[in-house]
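A.B. asks: compute the structure for the input listed below.
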Amino acid sequence: MRSSRFAVLVVLACTVLFNTNCGFYNRVMARKNLVDGSIAYKDRKFAEAEELFRLAASRDPQGETVEGRTAQLFLARTLHSMYIGNRQDKSLAQRAVEEYKKAVPQATAEYTEAKQAYETNRDGPAEQKRYYAALSGVNSTVSAIPNLLEALGDKAQAVQFQEQIAADTKMPETARTRALVSLGLEYNTCANDITDTEATKKTVKKDGKDVFQFVKPENPDELARLRDCVAKGQQYFNQTQALETDVVKNAPSANLKAMNDDQLRIFEESIAPFDSARSYRASIAVQASRLAEMEGSPDYANLKADADAKRASTDELKKVMRAIDEEKEARATAQAEAANANRANANAAR
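C.D. replies: This next block holds a predicted model:
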């Protein structure tokens with residue numbers, strides 16, 4: 001009875017106040033749904049989590065609030081997890097794609113707002129947490145959709161989606177870079193499959209040392225395919241260089257120990273896609289130099305030097321990524337040691 005009376009009072013209040021307090025009520029209830037849904041998700045009660053996140057999202061279907069945007073994203077992730085647990089049920093993948101697509105504009109709006117707040121107050125704990133959540137939310141969303149589309153056998157739509165993300169200037173550079181790297185992967189693999197064979201990769205003596213010499217494949221069609229794969233791989237991977245931010249360019253000089261945990265997470269999320277991008281830029285540059293050697297091109301020496309320079313650039317960022325992992329491990333160890341010491345002190349005090 002009390003529950004029914006309360007519901008009636010809420011409806012009356014909303015009507016009288018022209019939905020002003022309804023918006024506040026919906027946000028409060030959405031937060032409760034999010035908390036309860038997160039607990040269910042953690043306990044792998046995905047059906048219950050889906051219901052709660054769907055309810056929270058329905059309270060703000062346009063994603064005008066952080067709660068509504070978060071609910072939509074969590075709903076998509078829950079369906080995605082359900083599909084991972086049962087890959088035979090393709091309907092789960094399709095439903096996840098539909099909910100992720102609803103989440104994309106909302107996640108982009110949240111990223112824009114969170115970034116503005118963060119740039120206004122970079123030292124604010126709330127701003128740091130929100131910006132990290134928004135950045136990682138966009139990155140994971142735009143990566144999940146094409147993966148699910150490929151699982152559904154729709155590679156053409158997956159490529160189209162990634163092309164759209166790569167060209168969308170409203171997207172963070174990290175998301176655009178992820179899309180470009182994914183688009184170029186098959187061409188790098190294609191090129192390597194042609195050049196890295198016994199028929200094309202010969203061991204010869206040079207200055208008394210064994211070195212590899214790359215020769216044309218016997219089939220002219222294979223050489224033509226190699227040219228095409230190298231060109232397309234470069235087209236995608238080389239675009240990522242222009243997307244590198246100052247954070248990425250200055251990453252080797254970053255002081256990780258001076259960062260708090262949220263700042264370290266933001267830093268890692270900001271540079272990780274470029275670690276991959278630099279690796280593939282170097283890899284496709286190597287393929288280009290192999291092709292030039294096969295064809296006896298006068299550009300071979302320059303292309304070989306370019307590949308070596310790109311490898312060095314890749315190593316720089318990989319060192320930073322390793323340093324991040326080491327710093328995270330050191331902090332986890334310190335926290336565990338502190339917790340053990342506190343327990344020991346508590347036991348000794350009894």
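A.B. asks: would you mark the buried spots in the helix or strand residue 229 falls within?
C.D. replies: Using DSSP states H and E, residue 229 maps to helix 220-237. Within helix 220-237, the residues that count as buried by 16 or more other CB atoms under 10 Å are 222, 223, 225, 226, 227, 229, 230, 232, 233, 234, 236, 237. Backbone N, C-alpha and C define where each C-beta goes, glycine included.
A.B. asks: again, but for stretch 171-186
C.D. replies: Of the residues in stretch 171-186, those buried (16+ other CB under 10 Å) are 171-184.
A.B. asks: likewise for stretch 49-69?
C.D. replies: Quick answer for stretch 49-69 (16+ other CB under 10 Å): 49-57, 59-60, 63, 65-69.
A.B. asks: show me these that map onto helices.
C.D. replies: Residues of the buried residues of stretch 49-69 located in helices (DSSP state H): 49-57, 66-69.
A.B. asks: what element comes up after the helix or strand of the chain at the bottom of the mean pLDDT ranking heading to the C-terminus?
C.D. replies: Of all helical and strand segments in the chain, the minimum by mean pLDDT, DSSP states H and E falls on helix 2-16, at a mean of 40. For helix 2-16, the following helix or strand on the C-terminal side (DSSP H and E) is helix 20-42.
A.B. asks: other residues contacting that next one?
C.D. replies: 10, 13-14, 46, 48-49, 52-53, 55-56, 59-60, 65, 67-68, 70-71, 74, 78, 81 (CB atoms under 8 Å, 6 or more residues apart in numbering).
A.B. asks: who touches residue 289 in this structure?
C.D. replies: Each residue near residue 289 by CB under 8 Å, 6+ apart is listed here: 300, 303, 304, 306, 307.
A.B. asks: what about the closest residue to residue 128 other than its chain neighbours, distance to residue 43?
C.D. replies: Leaving aside its chain neighbours, residue 128 sits nearest to residue 262 (4.0 Å; criterion: CB to CB, 6 or more residues apart in numbering). From residue 262 over to residue 43 the distance is 26 Å, taken as CB to CB, to the nearest Å.
A.B. asks: okay, these two: which has more neighbours?
C.D. replies: residue 262 (18 against 10; other CB atoms under 10 Å).
A.B. asks: buried sites along stretch 71-89?
C.D. replies: Result for stretch 71-89 [16+ other CB under 10 Å]: buried residues 71-83.
A.B. asks: CA atoms only for it, dumped as CSV, please.
C.D. replies: Extracted as CSV, the C-alpha positions of stretch 71-89 are listed here (Å, rounded to 0.1, in the frame of the first residue of the first chain):
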residue,chain,number,x,y,z
ALA,A,71,23.1,3.1,-18.7
GLN,A,72,23.0,2.9,-22.5
LEU,A,73,26.6,1.9,-22.7
PHE,A,74,26.3,-0.6,-19.8
LEU,A,75,23.3,-2.2,-21.5
ALA,A,76,25.3,-2.7,-24.7
ARG,A,77,28.2,-4.1,-22.8
THR,A,78,26.0,-6.5,-20.9
LEU,A,79,24.5,-7.9,-24.1
HIS,A,80,28.1,-8.1,-25.5
SER,A,81,29.1,-10.2,-22.5
MET,A,82,26.1,-12.4,-22.9
TYR,A,83,27.1,-13.1,-26.5
ILE,A,84,30.7,-13.9,-25.5
GLY,A,85,29.3,-16.4,-23.1
ASN,A,86,27.1,-18.0,-25.8
ARG,A,87,28.6,-17.3,-29.3
GLN,A,88,26.1,-19.7,-30.9
ASP,A,89,23.3,-17.1,-30.2
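A.B. asks: pLDDT wise, what is the nearest residue to residue 117 once chain neighbours are set aside at?
C.D. replies: Leaving out its chain neighbours, the residue that sits closest to residue 117 by CB to CB, 6+ apart is residue 127, at 4.9 Å. On the pLDDT scale, residue 127 is placed at 97.
A.B. asks: need the contact list for the residue positioned nearest the centre of the chain.
C.D. replies: For the chain, the residue nearest the mean C-alpha position is residue 139 (3.7 Å; CA atoms, centre = their mean). By CB under 8 Å, 6+ apart, the residues touching residue 139 are 172, 174, 175, 178, 269, 273.
A.B. asks: in helices, which of the residues you listed fall?
C.D. replies: Per DSSP H, these map to helices at 174, 175, 178, 269, 273.
A.B. asks: with distance to residue 92 added, can I get those in a markdown table?
C.D. replies: Shown next, in a markdown table, are the ones in helices among the contacts of residue 139 (distance: CB to CB, whole Å):
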| residue | distance to residue 92 |
| --- | --- |
| 174 | 27 |
| 175 | 24 |
| 178 | 23 |
| 269 | 27 |
| 273 | 27 |
